[in-house]
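S.K.: With the sequence up front, the predicted model follows.
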Amino acid sequence: MRYIELNESGSIHWEDEDFDAENPTVLIRGYGTLKYKTLQQAIARDLAEMSQRVADGSLEVVANHQLLDKQSAFNGKVQAYLDVTKELARPSIKRKLTIHKKNSLFNTIKNSDQ
C-alpha cells in the first residue's frame, strides 16, 4: 500500500454509503466525519460557546486551548471546512457531483418502478 502525506485537514468522503451530492460527507483528519452543513453548524456552535466563555472572563483559556492550539478540534473543523469548500469549487469536483446526482436520481426512479 502506498502512503501519501495529506496536507489538508478535510476532504470529501466519497466512499460514504449514504453519500449525498447536495450535502457531502466531510472526512476530518483526526476527528471523524460530518455532513457539510452539520460541520457549518458545529463551527457556529463552537464559536457561540467560545464567545460565552470570553464574556465570562475566560479569554486566556479560549485563546490557548482552542484558537491558538493548532491541534484543537475547533481548528481542525475550521480548516476541514475551508479545505472542502475550496475542493467543492473545483470544476472537476462539480462535474463529479453532478454525475453523482444524475446517477442517484436514475437509481431512485429505477427502484421505484420495481
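M.R.: Alright, I've got the coordinates. Fair warning: this is a prediction, and the values are worked out from it, not measured in the lab.
S.K.: need the contact list for the spatially most central residue of the chain.
M.R.: Geometric centre of the chain, nearest residue: residue 26, 3.6 Å, by C-alpha atoms, centre = their mean. Applying C-beta atoms under 8 Å, 6 or more residues apart in numbering to residue 26 gives the contacts 10, 11, 12, 13, 33, 34, 35, 36, 39, 80, 81, 84. To be clear about C-beta, it is placed using only N, CA and C from the backbone, and glycine gets the same treatment.
S.K.: go on, residue 18?
M.R.: residue 25.
S.K.: which SS state does it fall under?
M.R.: Following DSSP: H, G, I helix; E, B strand; the rest coil, we place residue 18 in the coil state.
S.K.: any chance you could map the helices in this structure?
M.R.: For the chain, applying DSSP state H gives helices covering 36-55, 59-62, 73-88, 91-112.
S.K.: who wins for proximity to residue 19 among the ones you listed?
M.R.: Nearest of the helices of the chain to residue 19, taken as C-beta to C-beta: helix 91-112 at 7.1 Å.
S.K.: Kindly state the beta-bridge partners for the residue nearest to the centre of the chain.
M.R.: Beta bridges link residue 26 to residue 12, residue 34, judged by DSSP bridges.
S.K.: Relative to residue 38, how far out is it?
M.R.: 9 Å (C-beta to C-beta, to the nearest Å).
S.K.: ok, and for stretch 9-21, which residues are buried?
M.R.: The neighbour-count check on stretch 9-21 (16 or more other C-beta atoms under 10 Å) flags 9, 10, 11, 12, 13 as buried.
S.K.: Tell me who's in contact with the last one.
M.R.: Looking back up the chat, that one is residue 13. Applying C-beta under 8 Å, 6+ apart, the residues near residue 13 are 19, 24, 25, 26, 27, 33.
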